[in-house]
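Participant: coords please:
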Amino acid sequence: MSHKERVLRVLAVVGSAGLMAAGEALANPGMVEESRTREVQPYNRVVDQVLREIRSKVSDAHYNITVTDLGDAVLLQGDVDSERARSEMVAAAHVAASKRVRDELRVRPGPSDGQIAERVRGALRQEYPQLADRVQVDVRNGVAYLSGDLRNHREVDELLATTLMVEGVRDISSDLTLGGRPYAKQRMRARKY
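Facilitator: Residues are numbered from 1 along each chain as shown. Next comes the predicted model:
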């Protein structure tokens, strides 16, 4: 049976399922065709439950994972951005599947504090060269400590927004001044999506 005949047969079975852009996979939660050379795979409730639980419990992490139902266990493979995210995914998979979890997730090494500080300085030099000379940047454990004298609130907003967009910055502690007067010490939480 040709690929096209298999797709048409599956469409007849599942009804009004739509085809994805390249026509390679079905956009239907009941049936998924993984590639042109593989047979149509049935929907797996355990895998779906694990993925939903991971998405709801570990929404702030960056990851690229594969979930496989092995029958007696669930296999997690792929890359995550932190040890915390890895342990939360394993716990979520265990809760959702109610079976043993084989953890083959790899934690991607993050940038060092020195690299993050240099990225912040580079971003400031590129986006706001007038601010780069007036601001000192120090990074410890992913927290960017900013100090310096700025002219107005707009410059503070630009500085904080640019710093938050730098990969690796988890938090900001600001000791900035406006026109020589202390600016209210503030702490911003970076949420990366």
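
Participant: now the spatially most central residue of the chain. Nearest residue, chain neighbours left out?
Facilitator: Among the residues of the chain, the one closest to the centroid is His62, at 2.1 Å (CA atoms, centre = their mean). Leaving aside its chain neighbours, His62 sits nearest to Asp81 (4.5 Å; criterion: CB to CB, 6 or more residues apart in numbering). In short, each C-beta sits where N, CA and C put it, glycine included.

Participant: ok, that neighbour to Tyr145 distance?
Facilitator: For Asp81, the distance to Tyr145 equals 22 Å [CB to CB, to the nearest Å].

Participant: with His94 instead?
Facilitator: Distance of His94 to Tyr145, computed by CB to CB: 38 Å.

Participant: next one: Asp103
Facilitator: Going from Asp103 to Tyr145 by CB to CB gives 35 Å.

Participant: ends of stretch 93-106, how far apart?
Facilitator: 16 Å (CA to CA, to the nearest Å).

Participant: for the residue nearest to the centre of the chain, give me the pLDDT.
Facilitator: Note on His62: pLDDT of 75.

Participant: next one: Asp81
Facilitator: Reading off the model, Asp81 has pLDDT 82.

Participant: just give the number of residues close to it.
Facilitator: If you count neighbours by other CB atoms under 10 Å, Asp81 ends up with 17.

Participant: again, but for Leu105
Facilitator: 20.

Participant: please apply the same query to Arg45.
Facilitator: When neighbours are counted by other CB under 10 Å, Arg45 registers 11.

Participant: ok so, going back, touching, the residue nearest to the centre of the chain and Gly110? I think so.
Facilitator: No - in this structure His62 lies outside contact range of Gly110 using CB atoms under 8 Å: 10.4 Å.
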